[in-house]
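Visitor: Any chance you could fold what I've pasted below:
(chains A and B)
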Amino acid sequence: MSLEQPEPLLNNDHELVARTQGGDPGAFDELIVKYSPRLYGLVYHMTSNHEDTNDLLQDIFSKAYRSIRNFRGNSSIYTWFHSIAVNMTINFLKKRNRRQHHSLNDPDSNIENDPDFIAATSNGDPTKEVSVHELQKKLNAAMSRLSHDHRIVVTMFDIQGMPHAEIAKILKVSEGTVRSRLFYAHRQLQNSLHEFKRN
Amino acid sequence: MKKNPHMSLRPTRRVIRLKRYEQPPDGYYEDFLKEFHKRQRAEPLNTSIRGLMKERLADKFSEFRVPAMAFAVAAVVAVLASIAIIRETPRQDNPRAYSVSYTPGTPTYQTPVTIQNVQPVSLRLDPAPQNFPQTSSLVFPATGLLPTAEPIR
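Guide: Now for the predicted structure:
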């Protein structure tokens, strides 16, 4: 499975949205196929639980399908889906509160060839090598310590590679707010992950 | 030269980026679509009308995006309007005091009105004027059916 997610083709989206609004459920299926990997990543990195992510993602697409008649096209469908996903995930996390239970997906085996992984886990000293699962556990623990607002920007910017402007649109905040949240989140993560720091 | 604080955060960001390798099992997205169809078919049976109405209302209201400043302006206008209304209200420095004296020997017409002396309007039959046609039952069909009541004094 490729980790590189394709850039959304917005022109095609207009057509798919129009067809869905016209009563063609097949067009909405195409939107699901196109956006579910991105939305899955967003929800999964917020909840750190595969089963919760699956249920939430089903609810997100159900809600989007019911509301798509109200979609006026003021933003792209990509932004609109993400806004629904962010709101529903944050509401879910508020309800779940401290009763969190991690159910993590196994990292893709390609991680072991990633130069960042090699550098982070051995830190130049092969005798101090950290296993993939150990690293995964530590990364998730560090992410869980972040507030919801900080975790969402880290997920979208660092993990999903979204630009500041897009994140600002989805969260309905200024780009400055996004940058500021990212800065504080990175500082907090740095404290949690100091053992992986390298020069 | 001063060190850029963002530069020192780069290694942390690189480590965090490794989380993108956490992927759902193969075939997950194909099954996801099938599950979506299954849930869509079952949904009308499970969703209450109240829940649907609530969600639709929430959707409608979410479309009205009022800028934050609009709320501040509305609040200021409300405060100014309240102040204006308070200032415009005429002052009554010496409110009139009404007092009614009543003694048991007072004649009936001076007795304060009590519920026993009041007749419902629907039953009140005032004497008809001199030139009023008494036989016109089309105008007051019920007039002849009710006993003549004493006029209220």
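
Visitor: and the nearest residue to residue A:17 once chain neighbours are set aside, what is it in contact with?
Guide: The spatially closest residue to residue A:17, leaving aside those adjacent along the chain, is residue A:77, at 5.4 Å (Cβ to Cβ, 6 or more residues apart in numbering or on different chains). Using the backbone N, CA and C atoms, a C-beta is placed for each residue, glycine as well. The contact partners of residue A:77, taken as Cβ atoms under 8 Å, 6 or more residues apart in numbering or on different chains, are A:10, A:13, A:16-17, A:31, A:71.

Visitor: In PyMOL, how would I select just the buried ones from those residues?
Guide: Buried members of the contacts of residue A:77 can be picked out in PyMOL with the line below, counting by 16 or more other Cβ atoms under 10 Å in any protein chain shown:
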select buried, chain A and resi 13+16+17+31+71
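
Visitor: Among the contacts of residue A:77, which one lies nearest to residue A:60?
Guide: For residue A:60, the closest of the contacts of residue A:77 turns out to be residue A:31, at 11.8 Å, with distances computed as Cβ to Cβ.

Visitor: Looks like the closest one contacts residue A:19 (just checking).
Guide: No: no contact is recorded between residue A:31 and residue A:19 when judged using Cβ atoms under 8 Å, the distance being 9.7 Å.

Visitor: can you point me to the longest helix in chain A?
Guide: Selection of the longest helix in chain A by residue count, based on DSSP state H, yields helix A:25-47.

Visitor: quick one, the helix or strand that comes right after that helix and helix A:25-47 angle?
Guide: Scanning forward in sequence from helix A:25-47 by DSSP states H and E, the next helix or strand is helix A:50-67. Calculated by axes from the mean of the first three to the mean of the last three Cα atoms, to 10 degrees, helix A:50-67 forms an angle of 140 degrees with helix A:25-47.

Visitor: that older thread, could you check the pLDDT of the residue nearest to residue A:17?
Guide: Per-residue pLDDT puts residue A:77 at 92.

Visitor: quick one: it and chain B, what's the gap?
Guide: As judged by Cβ to the nearest Cβ, to the nearest Å, residue A:77 and chain B stand 16 Å apart.

Visitor: Stretch A:33-51 near chain B at all?
Guide: Yes: shown here: stretch A:33-51 in contact with chain B (Cβ under 8 Å from any Cβ of the partner chain) through A:33, A:36-37, A:40-41, A:44-45, A:50.

Visitor: This completes my enquiry, with thanks.
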